[in-house]
Each structure stands twice: as structure tokens, then as C-alpha cells.
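K.L.:
Please work out how this folds:
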Amino acid sequence: MQDIFTQIKSLKRPALLVRAARFGVDEYRREKHLPRILRCESIPKTAEAILRLLDTEREIQNTKSASANSYDVAKHIEVLIAIMGEARLLHATSKPQIAYAGSQAV
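P.N.:
The predicted model follows:
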């Protein structure tokens, strides 16, 4: 099984969708957006949220690939924004924080 970051990196989506999502990621607020996107009352932990978002995105992509009339490009971008936002959060909280004191005298 792939780790979460590998799963995210393996997504291959059209550049226009990705660019549109990048424009919105700075405005992403998990407390506001995640419950609506995932249709949940309580906000899941970041890793769980990403996995659920990836499942949702996969369903949307399958709808798009099937040329279904129910494909919603705005919803697709919204989910991609949430994936990017949650990935940023997970990356920031899982990366070891190294404090560099430099060569200054204490």
C-alpha cells in the first residue's frame, strides 16, 4: 500500500484543473470547507480526511471519464483544493522541525 503523499503525487489530472485548484488552496479552511465536502459533522484527522478526499476525487474522475452529464467541474476543483490544503497541513505537522542555532554565542 502506498503512503498518502505517494497517492497524492500519483494523481494525474489536467493542468487546467490543477492550476485552478492551486489558486484556491490559500483560501482553504478545513473547519469551514471539509464538513461540506465530506458531508460529515465532525472533522476527521488530516490523514483520514485525505484518504476520504482521494476516494471522493476518484469517484468524480470516474464520472468525468464516463462522460456522464452529472460531472461537476466546480466540485472537482473544490475537492482538489481540499486535498492540496490537507496535504500541506499533514506535511507541516509530520515534518521534523529543526531549530538551527547557527554559530552565535549564547
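
K.L.:
Where does the residue nearest to the spatial centre of the chain fall, secondary structure wise?
P.N.:
Centroid-nearest residue in the chain: Ile83, 0.7 Å away (criterion: Cα atoms, centre = their mean). According to DSSP states H and E, Ile83 maps onto helix 73-94.

K.L.:
quick check, distance from the helix or strand bottoming out on mean pLDDT in the chain to the centre of its chain.
P.N.:
Lowest on mean pLDDT, DSSP states H and E among the helices and strands of the chain sits helix 4-9, with a mean of 85. Taking Cα atoms, centre = their mean, to the nearest Å, one finds helix 4-9 lying 10 Å from the centre of the chain it belongs to.

K.L.:
What helices and strands are in contact with it?
P.N.:
Contacts defined by 3 or more Cβ pairs under 8 Å, 6 or more residues apart in numbering; DSSP states H and E place helix 4-9 against helix 46-65, helix 73-94. All C-beta atoms are positioned from the backbone trio N, CA, C, and that covers glycine.
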